[in-house]
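1. Dropping a prediction and its sequence here:
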Amino acid sequence: MQMDIQSQGFVLTDGINDYVTQRLAFGLSHGDEAISRVNVRLSDINGPRGGGAGRAGRTMARRLSRQRQFWRSLPAAYPTVKEPSR
């Protein structure tokens, strides 16, 4: 499997590169024969230290909203599935 790892807005260190490579190799090991190439783009959505927290908060809010929509839509298709307790 060929892996292409790129960074945007920060320096891709050997440590980050090794970590991403190990995680991908482990996570995709079940499909080695079917997966020939993986492209990874890493970016720092928070920006420099101490800044950009607003965007990260909006991203998390969108993710939680989608999760709630998903759990609300399940009972119609699968009546026995219930939302996990928090």
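-> Thanks, I have the structure now.

2. drop to CA atoms for contacts and neighbour counts, all remaining ones
-> Noted.

3. So what are the structural domains in the chain, by residue number?
-> 1-44, 49-78 (automatic domain parsing).

4. Would you single out the least confident of the ones you listed?
-> The weakest mean pLDDT among these belongs to domain 49-78, with a mean of 66.

5. All the strands of this structure, in order from the start?
-> With DSSP state E, the ranges of strands along the chain come out as 2-8, 37-43.

6. would you list the domains of the chain in CSV and tack on mean neighbour count?
-> Shown next, in CSV, are the domains of the chain (neighbours: other C-alpha atoms under 10 Å):
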stretch, mean neighbour count
domain 1-44, 12
domain 49-78, 11
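
7. Select, out of the strands of the chain, the one closest to R68.
-> Among the strands of the chain, strand 37-43 comes nearest to R68, with 26.3 Å by C-alpha to C-alpha.

8. Just checking: what are the partner strands of the closest one?
-> strand 2-8 (parallel) (DSSP bridges).

9. At which residues are the helices of this structure located?
-> 14-27, 53-77 (DSSP state H).

10. Give me the angle between the first one and strand 2-8.
-> Yep, that's helix 14-27 we're talking about. 140 degrees (axes from the mean of the first three to the mean of the last three C-alpha atoms, to 10 degrees).

11. Could you dump the strands of the chain into a markdown table with distance to Q67 added?
-> Converted to a markdown table, those look like this (distance: least, C-alpha to C-alpha, whole Å):
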| stretch | distance to Q67 |
| --- | --- |
| strand 2-8 | 28 |
| strand 37-43 | 23 |
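
12. Nearest to G27 among those would be which one?
-> That would be strand 37-43 among the strands of the chain, by C-alpha to C-alpha, at 12.0 Å.

13. Can you pull out the residues in contact with that closest one?
-> 1-10 (C-alpha atoms under 8 Å, 6 or more residues apart in numbering).

14. do that again at 10 Å, thanks
-> Outside strand 37-43, the residues that touch it by C-alpha atoms under 10 Å, 6 or more residues apart in numbering are 1-12, 16, 20-21, 24, 28.

15. Perfect, I'm done here.
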